[in-house]
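Engineer: Next comes the sequence, and after it the predicted model I'd like to discuss.
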Amino acid sequence: MAASCIHLVFLLCLVPAATVASPHRNLRKSPVDIAAAAPSPANASPPTTFYEVDRPLRPPPGSSGPCSTLLLSGSFAYTFTKPPATAAYSPPPCLAAASAVSLAVLEWHATCRGVQFDRIFGVWLGGAELLRGSTAEPLQNGVVWSVSKDITGYASLLAAGNSTLAVFVENLVNSQYTGVYYANVTLHLYFRRTPTRPPPAVAPADLIVPMSRGLPLNDGLWYKIQNATDVVSTSVTLPSNTYRAVVEVFVSFHGDDEFWWTNQPGADANGPFREVTVRVDGVLAGAAWPFPVIFTGGINPLLWQPITGIGSFNLPTYDVEVTPLLGKMLDGKAHVFAFAVTNAVDVWYVDANLHLWLDPGSTDTAAGLVSYVAPEVAAATTSSRTTASRRVSATGWVKSSYGNITTNATQTFHFDNTNTNDGETVNQTTVAHAGVAATDLAGVLYYSVQTRQSFPLLLDSGADQVTVTHGLEETTVATGRWSSGPRYQSLRNTQRSSVAGASRGVRQTYRYEATDGCYLRNVTSSGYSIVSDQSSEACVKGPLR
Ligand SMILES: *[C@@H]1O[C@H](CO)[C@@H](O)[C@H](O)[C@H]1NC(C)=O
Ligand SMILES: *[C@@H]1O[C@H](CO)[C@@H](O)[C@H](O)[C@H]1NC(C)=O
Ligand SMILES: *[C@@H]1O[C@H](CO)[C@@H](O)[C@H](O)[C@H]1NC(C)=O
Ligand SMILES: *[C@@H]1O[C@H](CO)[C@@H](O)[C@H](O)[C@H]1NC(C)=O
Ligand SMILES: *[C@@H]1O[C@H](CO)[C@@H](O)[C@H](O)[C@H]1NC(C)=O
Ligand SMILES: *[C@@H]1O[C@H](CO)[C@@H](O)[C@H](O)[C@H]1NC(C)=O
Ligand SMILES: *[C@@H]1O[C@H](CO)[C@@H](O)[C@H](O)[C@H]1NC(C)=O
């Protein structure tokens, strides 16, 4: 993806395109070769729409809106080493208060035409990243794609006042790679008819603190992590009445580590296990074991047209609850939040947003750590198999006007990767559990959020065929006095993409079942055509828990 392309363009693009190879076997094909191998629809045809299968975002019943505002309209040609596109941001006049927002959607709508690699892009507001995605690798007749992301969690940032919206698309244009990206960023807001603040566990944070490189910059605002010992960090002074804190991590991998999960243990750079660690003043607060996103140009671009890989247009982010560690952060002094990537090879783009909830009833909260356990990663490797697991658990109390509430946050992870025939076949699964439980001295449950994620991935490649079967499964159960009733969310998103000789296609099933509604989609493509596409918003299993 982007960064690899940068390397490729500078190091290799002066030689014939056929020799442009990815660092790890042949997991990247030049769009020039692809254009020759699989002719685009005729140049005069309308642009082809690419999309990532996702659920529509519906405002809660009774909402008004949308109130839509075009935030930025930009073109991205030779942007490498140039400043991001920026636009002055003022809260739209319809946005009276953060607490009135029932749903905020950031829409990215973009086009490109010609020959170009897929590129990485990010959107930041006041230095806080809102969206990270891969661009669609274009066709001669052009591509168009859009992404809608729920950014309700940033309501306080959207309402906070004037700031700067920044968009960076890392692109390079020359005589061979001609595609220029054009993009519009639009904010759609929906409002509650009677503004009532949701209970604390479901309310957006009161303050978002960006943890990025900030502006001005001739680059994206993400930090770049280049190797296993590289640590990036930022200092933050927390408001003295903070009672809850969550670090939301954005991550993408490029260049020599775009296909980290195909590395053979012992043979390729640092093997296939990767994790992003989050430290507060040097103490491990938690980790993110990344979903192996495959960008639109990954392995073989024909796998991802017109239906793109899971997470590729809207990369997943990862939450680390740091409330139990607030004890040492409420002293009015700056504290260091640091990020690293275990086993990293050049290059990982990482930044984060710190979500803080502030006590409306006091100017000072107090906090203390009760217990903390974080053993080293347990990893085991044979010549073909790598397994790893980790557990991080912290418990701490926070005394606010809500009472003296003790929070236990526990993450557990398991990783299993089998690599055969030097990466021709890779079978990997990452399973992550995160549990947060907050109770007061009398044992009353304020909130409990239990999340289980599973990322299965199977790559099966040979001389003339490649099949990628991967999935993103996530179940969340939330309850407690600070939740609006027990809530349940389950997503099973499974995709199988294959290219064999001249035939290729995608089969994808997206099954979302939740307290707030359901969405089922079953789509099949062949070449550039959609063969079948069924969707339903009925909850087939009847009333949900
Ligand atoms: C952006 O919006 C402008 C104004 O509505 C429109 O003319 C243009 O085609 C849009 N571009 C994209 C890439 O959506
Ligand atoms: C915010 O920006 C708007 C539009 O540029 C301007 O009219 C307003 O005075 C600014 N507000 C503040 C507080 O700077
Ligand atoms: C790791 O990357 C950092 C940042 O680029 C660099 O300063 C350091 O020398 C590198 N370390 C190794 C072992 O390559
Ligand atoms: C809050 O409760 C914990 C025990 O759960 C106790 O150790 C701590 O002293 C209490 N804090 C305050 C300020 O009362
Ligand atoms: C925190 O939760 C984990 C997982 O449920 C549990 O194993 C641990 O005992 C809990 N710790 C405390 C101090 O309650
Ligand atoms: C992939 O590995 C899992 C164990 O993690 C195993 O249960 C499964 O059968 C394997 N699948 C294939 C196709 O080898
Ligand atoms: C999805 O659609 C395909 C083709 O219509 C069908 O064969 C398959 O059974 C469907 N799967 C589900 C889960 O509905």
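Structural biologist: Now that the structure is in, tell me what you want to look at. Numbering: from 1, shown residues only. Ligands and ions are numbered 1, 2, ... in the order given.
Engineer: need the next SSE after the least confident helix or strand in the chain by mean pLDDT, C-terminal direction.
Structural biologist: When the helices and strands of the chain are scored by mean pLDDT, DSSP states H and E, helix 2-11 comes last with a mean of 38. Remark: after helix 2-11, the chain's next helix or strand is helix 31-37, criterion DSSP states H and E.
Engineer: Who does the residue of the stretch 401-545 of the chain found nearest ligand 7 form a beta bridge with?
Structural biologist: In the stretch 401-545 of the chain, the residue that lies nearest ligand 7 is Asn522 (3.6 Å; CB to the nearest ligand atom). (C-beta placed from N, C-alpha, C; glycine too.) Beta-bridge partners for Asn522, by DSSP bridges, are Thr509, Gln534.
Engineer: next one: Thr429
Structural biologist: Counting by DSSP bridges, Thr429 is bridged to Asp416, Pro456.
Engineer: so what's it up against?
Structural biologist: Contact analysis of Thr429 by CB atoms under 8 Å, 6 or more residues apart in numbering lists 414-416, 454-457.
Engineer: Nearest to ligand 4: which residue in the stretch 101-250 of the chain?
Structural biologist: Tyr243 (12.4 Å).
Engineer: Would you mind giving the secondary structure of that residue?
Structural biologist: strand (DSSP: H, G, I helix; E, B strand; the rest coil).
Engineer: Surely it and Gly361 touch.
Structural biologist: No - contact criterion CB atoms under 8 Å: Tyr243 and Gly361 do not qualify, at 9.9 Å.
Engineer: Nearest residue to the residue of the stretch 101-250 of the chain closest to ligand 4 in space, ignoring adjacent ones along the chain?
Structural biologist: Sequence neighbours aside, Ser400 is the residue nearest to Tyr243 in space, at 4.2 Å (criterion: CB to CB, 6 or more residues apart in numbering).
Engineer: From Ser240, how far out is the one you found?
Structural biologist: 11 Å (CB to CB, to the nearest Å).
Engineer: So if I had to pick from the two, which one is more boxed in?
Structural biologist: Set Ser400 next to Ser240 and count neighbours by other CB atoms under 10 Å: Ser400 wins out with 22 against 16.
Engineer: Contacts only, for the more buried one.
Structural biologist: 241, 243, 359, 361-362, 365.
Engineer: Drop the exposed ones from the residues you listed and show what's left.
Structural biologist: 241, 243, 359, 365 (16 or more other CB atoms under 10 Å).
Engineer: Isn't the last one up against Lys399?
Structural biologist: Yes - judged on CB under 8 Å, Thr365 makes contact with Lys399 at a distance of 6.2 Å.
Engineer: Leaving out sequence neighbours, find the closest residue to the residue nearest in space to the middle of the chain.
Structural biologist: Closest to where the C-alpha atoms of the chain average out (CA atoms, centre = their mean) is Pro316, at 2.3 Å. Nearest non-adjacent residue to Pro316, counting by CB to CB, 6+ apart: Phe291, 5.0 Å away.
Engineer: Next, the contact list for Gly517, please.
Structural biologist: Going by CB under 8 Å, 6+ apart, Gly517 touches 58, 537, 539.
Engineer: which residues touch the closest residue to the second one other than its chain neighbours?
Structural biologist: If you skip the residues right next to it in sequence, Glu537 has Tyr519 as its closest partner in space, 5.6 Å away by CB to CB, 6+ apart. For Tyr519, the set of contacting residues under the criterion of CB under 8 Å, 6+ apart consists of 55-56, 510, 512, 535-537.
Engineer: do that again at 7 Å, thanks
Structural biologist: 55-56, 512, 537 (CB atoms under 7 Å, 6 or more residues apart in numbering).
Engineer: again with Gln264
Structural biologist: Residues near Gln264 by CB under 7 Å, 6+ apart: 419, 422-423.
Engineer: Adding neighbour count and pLDDT, write the residues you listed out as JSON lines.
Structural biologist: Below are the contacts of Gln264 laid out as JSON lines (neighbours: other CB atoms under 10 Å; pLDDT from 0 to 100):
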{"residue": "Asn419", "neighbour count": "25", "pLDDT": "96"}
{"residue": "Asp422", "neighbour count": "12", "pLDDT": "85"}
{"residue": "Gly423", "neighbour count": "20", "pLDDT": "86"}
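Engineer: Narrow those residues to those in strands?
Structural biologist: With DSSP state E as the criterion, strands contain Asn419 from among the contacts of Gln264.
Engineer: how close does the residue nearest to Glu537 sit to ligand 4?
Structural biologist: 41 Å (CB to the nearest ligand atom, to the nearest Å).
Engineer: from what I can see Trp482 touches Ala203, true?
Structural biologist: No - taking contacts as CB atoms under 7 Å, Trp482 lies outside contact range of Ala203: 8.7 Å.
Engineer: Can you tell me the SS state at the residue nearest to Ser40 when sequence neighbours are not counted?
Structural biologist: Spatial nearest neighbour of Ser40, excluding adjacent residues (CB to CB, 6+ apart): Leu139 at 3.7 Å. Recorded secondary structure, Leu139: coil (three-state DSSP).
Engineer: Neighbours of Leu139, how many?
Structural biologist: By other CB under 10 Å, 29 other residues sit near Leu139.
Engineer: Run through the bridge partners of Leu189.
Structural biologist: Bridge pairing for Leu189 - DSSP bridges - gives Cys67, Ala104.
Engineer: distance of it from ligand 6?
Structural biologist: 43 Å.
Engineer: so what's that residue up against?
Structural biologist: Shown in contact with Leu189 (CB under 7 Å, 6+ apart): 65-67, 92, 94-95, 101, 104.
Engineer: Need these in a markdown table (columns: distance to Pro216 and pLDDT).
Structural biologist: Below are the contacts of Leu189 laid out as a markdown table (distance: CB to CB, whole Å; pLDDT from 0 to 100):
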| residue | distance to Pro216 | pLDDT |
| --- | --- | --- |
| Gly65 | 34 | 95 |
| Pro66 | 32 | 98 |
| Cys67 | 31 | 98 |
| Pro92 | 25 | 98 |
| Cys94 | 30 | 97 |
| Leu95 | 27 | 97 |
| Val101 | 30 | 96 |
| Ala104 | 27 | 98 |
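Engineer: In ChimeraX, how would I select just the buried ones from those residues?
Structural biologist: The ChimeraX command for the buried members of the contacts of Leu189 (criterion: 16+ other CB under 10 Å) is given here:
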select :65,66,95,101,104
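Engineer: ok, of the contacts of Leu189, which one's closest to ligand 6?
Structural biologist: Nearest to ligand 6 among these, with distances taken as CB to the nearest ligand atom, is Ala104, at 38.4 Å.
Engineer: I figured that closest one hits Leu157, correct?
Structural biologist: No - Ala104 is beyond contact range of Leu157, at 9.7 Å (criterion: CB under 7 Å).
Engineer: give the contact list for the residue nearest to Pro316.
Structural biologist: Per CB under 7 Å, 6+ apart, neighbours of Phe291: 311, 316, 455, 472.
Engineer: Looking at the stretch 301-450 of the chain, which residue is nearest ligand 3?
Structural biologist: Ligand 3 sits closest to Asp346 of the stretch 301-450 of the chain, with a gap of 8.1 Å, by CB to the nearest ligand atom.
Engineer: and the residue lying closest to that residue once chain neighbours are set aside, how many neighbours does it have?
Structural biologist: Using CB to CB, 6+ apart and skipping residues adjacent in sequence, the residue nearest Asp346 is Gln226, 4.6 Å away. Look at Gln226: counted by other CB under 10 Å, it has 16 neighbours.
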